[in-house]
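Novice: sequence-free structure coming up:
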């Protein structure tokens with residue numbers, strides 16, 4: 001009877017050690033996963049900051065473009081010789097040679 005109890009004790013100790021080892025591996029893996037998730041969250045925070053900067057730049061440029069379009073109706077764009085200068089035709093259409 002004593003041999004059976006020692007076998008039982010040995011088997012119990014072996015299984016307890018195996019379970020303990022499994023829990024240690026699980027804890028190590030979950031800690032590793034937690035670190036990786038924190039890295040990903042840190043990167044997304046960086047991208048959110050960059051996205052906010054680009055958004056403000058886009059809004060600033062859109063406002064600047066709208067201002068130029070509304071004020072540019074009275075004035076031609078560009079300089080002569082650069083391809084951006086707009087010539088306007090005279091309203092009489094005769095070209096000034098009467």
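Specialist: Okay, I see it. Keep in mind that what you see is a predicted model, and the values were worked out from it rather than measured.

Novice: Check the gap between residue 16 and residue 23 for me.
Specialist: Residue 16 sits at a distance of 11 Å from residue 23 (criterion: C-beta to C-beta, to the nearest Å). (C-beta placed from N, C-alpha, C; glycine too.)

Novice: how about the helices in the protein?
Specialist: With helices called from DSSP state H, the chain shows them at 2-71.

Novice: pLDDT below threshold where in it?
Specialist: Scanning the chain for pLDDT under 70 picks out the ranges 1-4, 68-98.

Novice: go with 90
Specialist: 1-5, 41-51, 61-98 (pLDDT under 90).

Novice: For residue 37, see how far away residue 27 is.
Specialist: Distance of residue 27 to residue 37, computed by C-beta to C-beta: 16 Å.

Novice: just residue 50 next, same as before
Specialist: Per C-beta to C-beta, residue 50 is found 21 Å from residue 37.
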